[in-house]
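Colleague: Sequence plus predicted model, see below.
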Amino acid sequence: MRLSEVLDALGNSLKKYINGADLELTGIQMDSRKVKPGDLFVAISGFQIDGHQFIQEAMEKGAAAVIGENEHHLAVPYIQVFDSRMALGRVASAYFQHPSRKHTVIGVTGTNGKTTVSYMIKHILEYAGKSCSLLGTVSYLINNEVYKPSNTTPDALQIQELLAKSNDEFVVLEVSSHALKQYRIEGLELDYGLFTNLSHDHLDYHPTIEDYFEAKTLMYNYMKPAGSAIVSRLCKWGKILTVRLNAKEIPTYTMGNLQTDDVKIEDIQLKGETKFKIKMGGIVYPLTLPSPGLHNAYNAAMAFLTTVKIGIHPNAITEALKTFPGVPGRFEMISHPEGATFIIDYAHTKDAIEYCLQAAQEHNAVKIKHIFGFRGERDTTKREYMVKASAEMSDEFILTFDDLNGVSEEEMKNQLQELNKQYGMNKGMVITDRTIAIRDAWENASLGEWILITGKGPEEYQTRYELPTSSDKDTLLYLQKQQEKEKITG
Ligand SMILES: CC(=O)N[C@H]1[C@@H](OP(=O)(O)OP(=O)(O)OC[C@H]2O[C@@H](n3ccc(=O)[nH]c3=O)[C@H](O)[C@@H]2O)O[C@H](CO)[C@@H](O)[C@@H]1O[C@H](C)C(=O)N[C@@H](C)C(=O)N[C@H](CCC(=O)O)C(=O)O
Ligand SMILES: Nc1ncnc2c1ncn2[C@@H]1O[C@H](COP(=O)(O)OP(=O)(O)OP(=O)(O)O)[C@@H](O)[C@H]1O
């Protein structure tokens, strides 16, 4: 790519161009440690460190040109921009020849359900014989290859690179509010923009829920001219968003429980298999879903509406959803020999906890025990609501450690004890070691009891615990094996 093409791609984010010889660039880097001779280095002023500090290092490694926000006079061409993250998205898209134009791109935003809806869409498309890449919290799946995710939404450079690598017709990607604020999808062009819901989360990053909502709406600045929005109107934010999108004349299709919704969800039965009906254009489609919970019926309805708009026949969609295998760590069940049911789930908001515990209630749980904790260095304002929800909906709960993220064990333990004292309704206890909390529940599990372990989903532990296990599932499988061994040895 020529430097002159970089300048074209920047458009109105270009502020000043200094030392202007045109030259050939061999790559783009936002991390000085990765720079190779001939690369364009984009200096980003980060949350941890200011990338402008590394301009010298990047040049020593052979950077042929630099983009940044500050005033600099360098030996190589320097392009001053208003916002380096925005510039990175635009330049990366141009460098990889605007890869989103060669795919049908589906962006999914919302507080909860992004991953599940994305997996459902991929499953339906594949059932219909299409190929689909997926970028999200659990993994990046491109051309049937699995990549370990760096973030829910990768940085702008990685997004463009992965889309360029993808030979799949469709790409579905989860779009977090952090990504939107940080211009990670700048340069991307979406065919469909999905909004699942909005509830209390990330109020450490966003000053208010209104700001969080505004961040989510930014996704709709990236629609292709013929692109359309698919919005769940089940929460008030979806209703507000629909009005906004109509005003912007973006074709908007809604899922909800009103006659005016394009897809109306009705007659939901949650006992046993999840069964519900979708009413669309005067026709009623019965759906059966192996994934339990009202939230999953909503997720399936969003996937249904999206894939209908893509052109998949509704009957093929209903058939495909019957065999949806679920998502790792989302309401994943493991049975206990005494007839209890253990669930591993990624719920880390009050809303998600309520949906999970409700699903257990709907399955006639004789008793509900809930094991959960809170991530260190993440939104502390949601914790009391999560405890209140658990205290109201479970029979017993155990507060335990989640990732500490640098918070001391003592500090987190005090927090857990304080939250339990204030909001626990005398139903809670604190067992800080997550594996011991799970073992306690395993050893005391009884017939018909449901034990929900939430917060970590399939993620590996970051804290060293007493049992030699690496995740909630691993702990349960370990306990299962131990019990079998004990039976054999008497
Ligand atoms: C708070 C936050 O969002 N941080 C994101 C941000 O990093 P940052 O600005 O802090 O980066 P930094 O470490 O300060 O570095 C600044 C610049 O200096 C460069 N650098 C650094 C060192 C060096 O030697 N040389 C050098 O050039 C870095 O490459 C970078 O370009 O930009 C990075 C690149 O896009 C992100 O990976 C990073 O996400 C961090 C890891 C993170 O944990 N983010 C979370 C909060 C997040 O984004 N979560 C959402 C999902 C939320 C949800 O729904 O659950 C997500 O999309 O993952
Ligand atoms: N539509 C929904 N409404 C409310 N809660 C949901 C919904 N779908 C899933 N959940 C709950 O949220 C948890 C996370 O689900 P999922 O991974 O699909 O959401 P996400 O938006 O991708 O979350 P994250 O961005 O944190 O990865 C699930 O384990 C479940 O408890």
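Modeller: Good, I have the coordinates. Ligands and ions are numbered 1, 2, ... in the order given.

Colleague: Ligand 2 contacts on this structure?
Modeller: Counting by Cβ under 6 Å from any ligand atom, the positions of the chain adjacent to ligand 2 are 110, 112-116, 137, 152, 174, 196-197, 295, 298-299, 330, 345-347, 351-352, 355-356. (Each C-beta comes from the backbone N, C-alpha and C, glycine too.)

Colleague: can you pull out the helices in the stretch 351-490 of the chain?
Modeller: For the stretch 351-490 of the chain, helices defined by DSSP state H, counting those that start in this stretch occupy the ranges 383-393, 409-423, 434-443, 472-489.

Colleague: Could I get the buried residue list for the shortest one?
Modeller: Taking 16 or more other Cβ atoms under 10 Å as the basis for neighbour counts, the residues of helix 434-443 that come out buried are Arg434, Thr435, Ile436, Ala437, Ile438, Arg439, Asp440, Ala441, Trp442.

Colleague: Let me see the mean pLDDT of that helix.
Modeller: Model confidence over helix 434-443, given as mean pLDDT, is 98.

Colleague: for stretch 459-479, same thing?
Modeller: Across stretch 459-479, the average pLDDT comes to 96.

Colleague: List the contacts of it.
Modeller: Contact with stretch 459-479 is made by 329, 332, 334, 342, 344, 401, 403-405, 433-436, 438-439, 442, 453, 456-458, as judged by Cβ atoms under 8 Å, 6 or more residues apart in numbering.

Colleague: what separates stretch 218-236 from the chain centre, distance-wise?
Modeller: Distance, stretch centre to chain centre, for stretch 218-236: 17 Å (Cα atoms, centre = their mean, to the nearest Å).

Colleague: What are the buried residues along it?
Modeller: By 16+ other Cβ under 10 Å, the buried positions in stretch 218-236 come out as 218-220, 222-224, 227-235.

Colleague: same deal with stretch 319-335?
Modeller: Buried residues in stretch 319-335, defined by neighbour count with 16+ other Cβ under 10 Å: Ala320, Leu321, Phe324, Gly326, Val327, Pro328, Gly329, Arg330, Phe331, Glu332, Ile334.

Colleague: Dump it to CSV, keeping only the CA atoms.
Modeller: The C-alpha trace of stretch 319-335 is given here as CSV (Å, rounded to 0.1, in the frame of the first residue of the first chain):
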residue,chain,number,x,y,z
GLU,A,319,-35.4,-27.3,11.8
ALA,A,320,-32.0,-25.9,12.4
LEU,A,321,-32.8,-24.5,15.8
LYS,A,322,-34.0,-28.0,16.9
THR,A,323,-30.4,-29.1,16.8
PHE,A,324,-28.7,-26.0,18.2
PRO,A,325,-25.9,-27.5,20.3
GLY,A,326,-25.6,-24.5,22.6
VAL,A,327,-22.5,-22.4,23.4
PRO,A,328,-19.7,-23.6,25.7
GLY,A,329,-20.3,-22.3,29.3
ARG,A,330,-23.8,-21.0,28.6
PHE,A,331,-26.3,-23.1,30.6
GLU,A,332,-24.1,-26.1,30.3
MET,A,333,-25.5,-29.1,32.3
ILE,A,334,-23.5,-31.7,34.2
SER,A,335,-25.5,-34.4,36.2
